[in-house]
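Asker: Got a sequence here, can you model it:
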Amino acid sequence: MYEKITEYRFCGSHAKRANQLKELGFFSRLVDILAVAPIVGFENARTSERNREDDVEAKVFLAQLNDVNDKLELCYKTIMLLDCEHEPDEESRFRKAFQTTPDQRADEDLERFESYVRGGVDFLFEKLVGSGNTQMDRLIELQDYLEGFASRYSN
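Answerer: Predicted coordinates for the structure are as follows:
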């Protein structure tokens, strides 16, 4: 997915939020956040613009990127296939998902994917860390989120 780079960088508020999600123990590594954030962002229709607030960065290095490359590829292809808002034409979505090689991907498609990553980080932060000040508050918010998620997908 990120063959052309040696590290992935969360920037600004997204770096702060990703670091806090890791520090609070919701994720053990930043790369784990990167692996789930695009699907969370897409599933919850959350995108976010890149920002460089306070020049904060959180880096994921190449070795860890390589560990999750297959998952990131699957996320990218799934989003390109299902994102009717970004690409209304079904044949174009199929082509973007399955017939375009990584070096042929359009910048606007990569940016759309990245916006879902950032939106997913925002969503995870809001739902997992939330506005609670205590561990109990956070657990209650997490339980509410998981119950809502489960009710969407159970019969």
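Asker: What ranges does this protein have for its strands?
Answerer: Per DSSP state E, the chain carries strands over the ranges 7-11, 57-61.
Asker: For the first one, name the packing helices and strands.
Answerer: When you say that, I think you mean strand 7-11. Contact partners of strand 7-11 among helices and strands, from 3 or more C-beta pairs under 8 Å, 6 or more residues apart in numbering; DSSP states H and E: helix 12-23, helix 30-43, strand 57-61, helix 62-67. Just so you know, the C-beta spots here come from the backbone N, C-alpha and C atoms, and that holds for glycine as well.
Asker: Ignoring the adjacent residues along the chain, who's closest to the residue nearest the centre of the chain?
Answerer: The chain has residue 37 as the residue nearest its centroid, 2.1 Å off, counting by C-alpha atoms, centre = their mean. In space, and not counting its chain neighbours, residue 37 is closest to residue 120: 3.2 Å by C-beta to C-beta, 6 or more residues apart in numbering.
Asker: Report how many residues lie close to that neighbour.
Answerer: For residue 120, the count of nearby residues is 26 (other C-beta atoms under 10 Å).
Asker: now the one 5 residues further on
Answerer: With neighbours defined by other C-beta under 10 Å, the count for residue 125 comes to 20.
Asker: May I ask you to confirm that it is in contact with residue 23?
Answerer: No: using C-beta atoms under 8 Å, residue 125 makes no contact with residue 23, being 11.8 Å away.
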